[in-house]
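> Sequence below, structure please.
(3 chains)
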Amino acid sequence: MPDRLNALAARLGALEDREAIRDLIAHYGPLADSGNAAALAALWVIDGEYEVVGFASAKGHAAIAALIDGPVHRALMAQGCAHLLGPVAIALDGDLAVAQGHSVVFRHHDGSYVAHRVAANRWTLRRCPDGWRVVHRANALLDGAEAARVLLAMP
Amino acid sequence: MPDRLNALAARLGALEDREAIRDLIAHYGPLADSGNAAALAALWVIDGEYEVVGFASAKGHAAIAALIDGPVHRALMAQGCAHLLGPVAIALDGDLAVAQGHSVVFRHHDGSYVAHRVAANRWTLRRCPDGWRVVHRANALLDGAEAARVLLAMP
Amino acid sequence: MPDRLNALAARLGALEDREAIRDLIAHYGPLADSGNAAALAALWVIDGEYEVVGFASAKGHAAIAALIDGPVHRALMAQGCAHLLGPVAIALDGDLAVAQGHSVVFRHHDGSYVAHRVAANRWTLRRCPDGWRVVHRANALLDGAEAARVLLAMP
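Purely as a prediction, here's the structure:
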């Protein structure tokens, strides 16, 4: 019986991992669009990285929080914006995981909404003592360049 | 052993709650876009409320069903529309829960699609004898106004 | 005790089924936008079908892969595109399941993005020896025609 119980516990743990990762990523949009820079940065590990491929990279909580507290994002929020992240495909590998999916930034302009950025995302995550955290998020515009396709390729 | 079994059952129950809430919310779009007013209203508790912040509020099944059966929604359906709801971040608290996420209403017009409404949503849900139901859904356009940011702030 | 263990295992199995189906569908977009025709086709059973209602139907792995390897999709990828699939409502019925939700194809054009197709989807899935697979996916534009509403109607 303990064997069967252990097997059930392992299966349950895998579902919990996937749920925790999905929930972590589902917090990004609400935190970005409510301007909660500190809580957004805390989705990452201390030395985590958010890389916009071929453009810039923010490393560490202070740099990631600055993306949200900075003038570009604040201007976007003042005008109206939505960071919609789609569902992610998740591959678990022990204490690491990779999640892949799309993101769309809608921008409010003159009473209507435009899809300002449509991008590919690859999240690398790590199990930490207090739950899953993002180690690295790579984001690349789906504008025909190879970079975005690489992010969506099977891990 | 019963202790371990109880602990596993509690963890499993939490995952089932989250899955039930996610599935409930995932029904909103298909029910809205297929015009099933009665089933859509039944996602809410009997005296549940759907509030478009600063605009109007529908309270109770009849009022919520009227949003779908009314002339505005029917005209939108006839023209072509999609109520796309993104993934939600879910916070469970016993028999209550809060879910937060984005919604986009696409509208078909002259052979193309425009993002007609891009909004923030905060769902308050309650465990009922026959499953989770919505107590209150608040929706606010992400047009730069404070209302939408409040809905996406951490619960 | 074995009874209780069996009951827990059954509940856990239902959650695993739903997770597997969600994950399968979450792979469609990344595989389409990275151009992985073979892996995309393998989401379906051998004789599975992808039907664009009232337009065309691809049956079997070779025909489904050809949708991705064909000139239309390759031109779309070269220009920049995103196949964003929203969350799905899932109804399990033993070894079969139905999942329903929206899909949006964004197309990159002249530095901006347009919602090129906004569609309803109904996925019919079957449990196979190596996991859940798609038996049939029906997709129809939400352009006001009845076909899309049928796909989103309750199963």
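> Get me the contact residues on chain A for chain B.
Taking C-beta under 8 Å from any C-beta of the partner chain, the part of chain A that reaches chain B is made up of A:1-2, A:5, A:8-9, A:12, A:15-16, A:19, A:22-23, A:25-27, A:29-31, A:33-36, A:39, A:77-87, A:106, A:108, A:111-115. For every residue, glycine as well, the C-beta is placed using N, CA and C.
> In helices, which of those appear?
A:2, A:5, A:8-9, A:12, A:15-16, A:19, A:22-23, A:25-26, A:29-31, A:33, A:39, A:77-79 (DSSP state H).
> for chain A, which strand is longest?
When chain A is parsed with DSSP state E, its longest strand is strand A:112-128.
> what element comes up after it heading to the C-terminus?
Using DSSP states H and E, the helix or strand that follows strand A:112-128 in sequence is strand A:131-141.
> That following strand: which residues count as buried?
Across strand A:131-141, burial judged by 16 or more other C-beta atoms under 10 Å in any protein chain shown covers A:132-141.
> Going by distance to chain C, which of those wins?
Distance to chain C, by C-beta to the nearest C-beta, is smallest for A:Leu141 among the buried residues of strand A:131-141, at 7.4 Å.
> The closest one and A:Ala66, how far apart?
A:Leu141 sits 21 Å away from A:Ala66, taking C-beta to C-beta, to the nearest Å as the criterion.
> chain center to stretch A:74-88, what's the gap?
Offset of stretch A:74-88 from its chain centre (C-alpha atoms, centre = their mean, to the nearest Å): 13 Å.
> Can that stretch be said to contact chain C?
Yes: contact between stretch A:74-88 and chain C, assessed by C-beta under 8 Å from any C-beta, occurs at A:86-88.
> which residues does the residue positioned nearest the centre of chain A contact?
Geometric centre of chain A, nearest residue: A:Ile25, 4.8 Å, by C-alpha atoms, centre = their mean. Each residue near A:Ile25 by C-beta atoms under 8 Å, 6 or more residues apart in numbering or on different chains is listed here: A:85, A:88, A:99, A:101, A:123, B:87.
> my guess is the fourth one contacts A:Gly86, does it?
Yes: at 4.9 Å, A:Gly101 counts as touching A:Gly86 under the criterion of C-beta atoms under 8 Å.
> what's the overlap in contacts for those two?
Contact criterion C-beta under 8 Å, 6+ apart; residues bridging A:Gly101 and A:Gly86 by contacting each: C:Gly29.
> roughly how far apart are A:Asp47 and A:Tyr28?
18 Å.
> A:Arg117 now?
Counting by C-beta to C-beta - A:Arg117 and A:Tyr28 are separated by 14 Å.
> of the contacts of A:Ile25, buried ones?
Buried among those by 16+ other C-beta under 10 Å: A:85, A:88, A:99, A:101, A:123, B:87.
> Just give me the closest of the residues you listed to A:Ala145.
Nearest to A:Ala145 among the buried ones among the contacts of A:Ile25 is A:Gly101, at 18.1 Å by C-beta to C-beta.
> tell me the contacts of the closest one?
Applying C-beta under 8 Å, 6+ apart, we find A:Gly101 in contact with A:25, A:85-89, A:121, C:26, C:29-30.
> Quick check, A:Ala97 in contact with A:Ala20.
No: at 9.5 Å, A:Ala97 and A:Ala20 do not qualify as touching, with contact defined as C-beta under 8 Å.
> if you count what's nearby, which of these two comes out ahead?
A:Ala97 (23 against 16; other C-beta atoms under 10 Å in any protein chain shown).
> Which residue comes closest to that one once chain neighbours are left out?
Distances taken as C-beta to C-beta, 6 or more residues apart in numbering or on different chains put A:Leu125 closest to A:Ala97, at 4.5 Å, once the chain neighbours are dropped.
> Correct me if wrong: the one you found contacts A:Pro155.
No: using C-beta under 8 Å, A:Leu125 makes no contact with A:Pro155, being 11.7 Å away.
> Common neighbours of these two, please.
What both A:Leu125 and A:Pro155 touch, as defined by C-beta under 8 Å, 6+ apart, is the set A:Val98.
> Which one of these two is surrounded by more residues?
Between A:Leu125 and A:Pro155, counted using other C-beta under 10 Å, the more crowded position is A:Leu125 (27 against 13).
> Residue ranges in chain A under the pLDDT threshold?
A:1 (pLDDT under 70).
> got the CA positions of stretch A:20-31 in PDB?
Below are the C-alpha coordinates for stretch A:20-31, written out as PDB (Å, rounded to 0.1, in the frame of the first residue of the first chain):
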ATOM      1  CA  ALA A  20       1.900  26.200 -10.000                       C
ATOM      2  CA  ILE A  21       3.800  27.100 -13.200                       C
ATOM      3  CA  ARG A  22       0.600  28.000 -15.000                       C
ATOM      4  CA  ASP A  23      -0.600  30.100 -12.100                       C
ATOM      5  CA  LEU A  24       2.800  31.900 -11.900                       C
ATOM      6  CA  ILE A  25       2.700  32.800 -15.600                       C
ATOM      7  CA  ALA A  26      -1.000  33.800 -15.300                       C
ATOM      8  CA  HIS A  27       0.100  36.500 -12.800                       C
ATOM      9  CA  TYR A  28       2.300  38.300 -15.200                       C
ATOM     10  CA  GLY A  29      -0.400  40.100 -17.100                       C
ATOM     11  CA  PRO A  30      -2.400  41.300 -14.100                       C
ATOM     12  CA  LEU A  31       0.700  42.400 -12.300                       C
END
